[in-house]
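*Asks:* Build the 3D model from these lines:
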Amino acid sequence: MTAQTTEETFTFQAEVAQLLDLMAHSLYSNKEIFLRELISNASDAIDRLRFERFSHPELAEDGDDDPRIRVGYDRDAGTITISDNGIGMSRDEVIGNIGTIARSGTAEFLRNLSGDQRGDSALIGQFGVGFYSAFVVAERVVLTTRRAGAAAADGVRWSSDGRGEYTLESVERPERGTTIVLHLRDGEDELLNGHRLRTIVQRYSDHVSVPIVMPSEDADSTEETTVNQASALWARPKGELTEREYHDFYRHLSNDFTDPLAYVHAKVEGRYEYTLLLYVPSQAPYDLWVPQARRGMRLHVQRIFILEDSGQLMPAYLRFVRGVIDSSDLPLNVSREILQGSRAVDHIRSSAVKRVLRLLKDMAANEPEKYATFWRNFGAVLKEGIADDYANRDDIAELLRFTTTRSATQEADVSLRDYVGRMKEGQDKIYYLLAPTPAAASASPHLEVFREKGIEVLLLGEAVDNWVVTGLVQEFDGKRLQSVAQGVPDLGDLEDDAEKEAAEKAGTEFAPLLERLKAELDGQAHDVRVTTRLTTSPACIVGDEAITDLALAQRLRGSGLPNRPVLEINPRHPLIERLNRRQDDPRLADWAHVLFNQAVLTSGALVEDPAAFVGRLNDLLVALAADDTP
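*Replies:* Just a heads-up that it's a prediction; the model follows:
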């Protein structure tokens, strides 16, 4: 690319300008974050250089120094300087990474602001807008960079006061990498102090594996001293590490402001040698449900960063896990294609998954309040594993939590083990109800007989729940799972002989009415039958097939009804009794359609002709009112 020789002025996108103003005026309470974020960016630039060198060895340059990050200050000039010898940036990359919304995450950051200064400042790294934190303390920022492999004349200088514009010009830069000079605002002189800067580095960036160096405080010395530990934290013995160090490394790794819920650190030796440091976050990242979102696992080979996981190291249902896997067996030039066919990676992945599940199991058993926090944030994601990970299905099933008809609140706090442990005598099935929402499940008429008999029912109101009950192969701990909204109700030994006899008698007594209703609903209802599942409602819709659940069928028809909907009527309801006594009622057809459509609504499905339904209902109300007129 031909070098640009003139200075040009550009305008920030509107969202970036808004963010810069926020940095300057609203996030002042936690100003130390600027150094953490800029050092983190510098460390990433060095990691990217290491990675690119594997496939592009020509990026090596004469006189290459060991990777390092330098932090310095000039009291007279009122500046702080952060520099690295990492990958650097081209002119186009500077524009794309700093001036444009597409790479900054700025819009999502602004949407997630809460108004709490300290909380909002925590979002800076999470949304990839860390560079802009420089304007928390600086009135002007100058960035000079050259990409590895480019000519010295292709250096780029970026400069801005954060007020809506920035300038770009070409400069001569012999060395690759990036240097950022912060011209501090008035009143920030306390940062122009070696001890102060060292304290900030050690507090926020001690775990960075790249050496962070600063000039000696001795005015007569030109030496530089390393400020941080400068070693891969995961490679250090667990006995040497404090919980605070583990938490600080997690924050660096994830750009999360909060501490993790739990972590596991293990060095595995044997056929394959590798180290795992895996974290379970305490809050869900903003992009948890974005299909192409960045995963939180990083692969290292012999402590050298290779790549971020895109699915080979951790399955999708554990995409919330953050951490590092460091292998001694993989080649340094490993690619994503090589990972897909690697036995070592398969082994490492299997081990990592089992350790995460074991960590969650221990949390559930010993720290239930903490596990409840995990479930609120990640339960719906973990459920995906029932269908996706057959090998670990039983372990995942033990970790699932549900709301049931015995839950005091809408919190999912009942495990399948809890449910089985308190099943009624004579109960041999785990009963569940799938519905569009938890509220719809709780209010469903399908629960009436189960509530009357005190039988607990799992209330499933999330889209993934159908795959949960399907993935469990209809069984847990030897107990078959049974939907209360499909097939003929089967209470087994929970239904006494008198109830069975009454049901058979009702089937005979109401047979003519059933035939009339079925004829009137031809083309809408596959069948009409009496039921024992209702105690207070006149009717309900169920799926005819015992295998295909209503909620799955809802995805197969636009109306939300199963392919073979069955209208079940309650022979004990006054309305049904009245219809059975007055089968010559000229409005029986209207009653049939109203009953059917009411049942459709209570199932969470859509009435195909709402206007006709309302018209029939109004006509019946008018007729009933006329009958009651003296």
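
*Asks:* In terms of pLDDT, where does the closest residue to Gln598 other than its chain neighbours sit?
*Replies:* Of all residues not flanking Gln598 in the chain, Ala539 sits nearest, at 6.7 Å (C-beta to C-beta, 6 or more residues apart in numbering). (Glycine included, C-beta is placed from N, CA and C.) Residue-level confidence at Ala539 comes out at 92, pLDDT.

*Asks:* swap in the one 4 residues further on?
*Replies:* pLDDT recorded at Gly543 is 81.

*Asks:* tally of neighbours for it?
*Replies:* Using other C-beta atoms under 10 Å, Gly543 has 25 other residues around it.

*Asks:* before we move on, back to that, so the residue nearest to Gln598 is in contact with Val600, correct?
*Replies:* No: Ala539 sits out of contact with Val600 when judged by C-beta atoms under 8 Å, with a separation of 9.8 Å.

*Asks:* Report the beta-bridge partners for the residue nearest to Gln598.
*Replies:* Per DSSP bridges, the residues bridged to Ala539 are Ile569.

*Asks:* Kindly report the same for the one 4 residues further on.
*Replies:* Here Gly543 sits in beta bridges with Gln486, Pro565, as judged by DSSP bridges.

*Asks:* ok so, going back, how much space is there between the residue nearest to Gln598 and His446?
*Replies:* 11 Å (C-beta to C-beta, to the nearest Å).

*Asks:* between those two, which one's more packed in?
*Replies:* Taking other C-beta under 10 Å, Ala539 and His446 do not tie; His446 has more neighbours (28 against 25).

*Asks:* Can you spell out the domain ranges of the chain, please?
*Replies:* Following the assignment in automatic domain parsing, the chain carries domains at 8-226, 233-377, 387-492, 496-627.

*Asks:* And the first one, how far out from the chain middle?
*Replies:* Read it as domain 8-226. Relative to the chain's own centre, domain 8-226 is displaced by 29 Å; criterion: C-alpha atoms, centre = their mean, to the nearest Å.

*Asks:* first to last residue in that domain, what's the distance?
*Replies:* End-to-end span of domain 8-226 (C-alpha to C-alpha, to the nearest Å): 38 Å.

*Asks:* Could you shift the numbering so residue one becomes 537, and keep it that way?
*Replies:* Understood, numbering begins at 537; the last thing we discussed is domain 544-762.

*Asks:* Average pLDDT for that domain, rounded please.
*Replies:* Taken as a whole, domain 544-762 has a mean pLDDT of 79.

*Asks:* What of the shortest one?
*Replies:* Domain 923-1028 shows a mean pLDDT of 85.

*Asks:* ok, Ser706 - how many residues close by?
*Replies:* Neighbour count for Ser706, taken as other C-beta under 10 Å: 18.

*Asks:* Same question for Gln848.
*Replies:* Gln848 has 19 neighbours, counted by other C-beta under 10 Å.

*Asks:* Relative to Tyr926, how far out is it?
*Replies:* 18 Å.

*Asks:* Likewise for Tyr668?
*Replies:* Distance, Tyr668 to Tyr926, using C-beta to C-beta: 46 Å.

*Asks:* Of those two, which one has the most company?
*Replies:* Set Tyr668 next to Tyr926 and count neighbours by other C-beta under 10 Å: Tyr668 wins out with 25 against 11.

*Asks:* Quick check on that one: phi, psi?
*Replies:* phi -70, psi -20 (degrees, to the nearest 10).

*Asks:* which residues sit in contact with Tyr786?
*Replies:* Residues near Tyr786 by C-beta atoms under 8 Å, 6 or more residues apart in numbering: Asp792, Asp795, Pro796, Tyr799, Tyr815, Arg858.

*Asks:* again, only this time at 7 Å
*Replies:* Tyr786 is in contact with Asp792, Pro796, Tyr799, Tyr815, Arg858, counting by C-beta atoms under 7 Å, 6 or more residues apart in numbering.

*Asks:* Tabulate these (TSV), appending neighbour count and distance to Ala674.
*Replies:* Converted to TSV, those look like this (neighbours: other C-beta atoms under 10 Å; distance: C-beta to C-beta, whole Å):
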residue	neighbour count	distance to Ala674
Asp792	22	25
Pro796	21	31
Tyr799	20	35
Tyr815	28	32
Arg858	23	30
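
*Asks:* My guess is Ala1141 contacts Pro1098. True?
*Replies:* No: under the criterion of C-beta atoms under 7 Å, Ala1141 is not in contact with Pro1098, lying 8.8 Å apart.

*Asks:* Compare neighbour counts for the two and give me the winner.
*Replies:* More crowded of Ala1141 and Pro1098, by other C-beta under 10 Å: Pro1098, with 26 against 22.

*Asks:* sec struct for the closest residue in space to Ile874 that isn't next to it in sequence, please.
*Replies:* Excluding its sequence neighbours, the residue lying closest to Ile874 (C-beta to C-beta, 6+ apart) is Pro867, at 7.5 Å. Classification of Pro867 by DSSP: H, G, I helix; E, B strand; the rest coil places it in coil.

*Asks:* Which positions within stretch 791-802 qualify as buried?
*Replies:* Of all the residues in stretch 791-802, those buried under the rule 16 or more other C-beta atoms under 10 Å are Asn791, Asp792, Phe793, Asp795, Pro796, Leu797, Ala798, Tyr799, Val800, His801.

*Asks:* who touches the fourth one in this structure?
*Replies:* With contact taken as C-beta under 7 Å, 6+ apart, Asp795 is in contact with His783, Ser818.

*Asks:* Recalculate using a threshold of 6 Å.
*Replies:* Asp795 makes contacts with His783, as judged by C-beta atoms under 6 Å, 6 or more residues apart in numbering.

*Asks:* What of the last one?
*Replies:* Contacts here follow C-beta under 6 Å, 6+ apart; on that basis His801 touches Lys774, Leu813.

*Asks:* mind running it again at 10 Å?
*Replies:* 769-770, 772-774, 777, 782, 811-815, 859-860, 891 (C-beta atoms under 10 Å, 6 or more residues apart in numbering).

*Asks:* Just the buried residues of these.
*Replies:* Among these, those scoring as buried are Leu769, Trp770, Leu777, Tyr782, Thr811, Leu812, Leu813, Leu814, Tyr815, Gly859, Val860, Arg891 (criterion: 16+ other C-beta under 10 Å).

*Asks:* and stretch 854-861, C-alpha only, in CSV?
*Replies:* Output of stretch 854-861 as CSV, limited to C-alpha atoms (Å, rounded to 0.1, in the frame of the first residue of the first chain):
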residue,chain,number,x,y,z
LEU,A,854,-20.5,-24.5,28.0
ARG,A,855,-19.8,-21.4,26.0
PHE,A,856,-20.0,-19.3,29.1
VAL,A,857,-16.8,-20.9,30.5
ARG,A,858,-13.7,-18.7,30.4
GLY,A,859,-10.2,-19.9,30.7
VAL,A,860,-6.9,-21.2,29.3
ILE,A,861,-5.8,-24.6,28.0
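
*Asks:* for the stretch 1037-1166 of the chain, which spans come out with low pLDDT?
*Replies:* 1081-1096, 1164-1166 (pLDDT under 70).

*Asks:* pretty sure Asp1063 is touching Pro1101, no?
*Replies:* Yes: the criterion here is C-beta atoms under 10 Å, and Asp1063 meets it with Pro1101 at 8.6 Å.

*Asks:* what residues are shared contacts of those two?
*Replies:* Leu1057, Val1078, Asp1080.

*Asks:* ok, now which ones touch Ile575?
*Replies:* Contacts for Ile575 (C-beta under 10 Å, 6+ apart) come out as 605, 607, 618, 620, 666, 736-737, 740-741, 744, 746, 748, 764, 788.

*Asks:* For these, work out which two are farthest apart.
*Replies:* For the contacts of Ile575, the maximum inter-member distance is 17.9 Å, found between Gly666 and Asn764 (C-beta to C-beta).

*Asks:* now for the helix or strand hosting Met899, which elements pack on it?
*Replies:* Remark: Met899 resides in helix 879-902, with elements defined by DSSP states H and E. Judged by 3 or more C-beta pairs under 10 Å, 6 or more residues apart in numbering; DSSP states H and E, the packing partners of helix 879-902 are strand 798-804, strand 810-816, strand 833-837, strand 858-863, helix 872-876, helix 904-924, helix 929-935.
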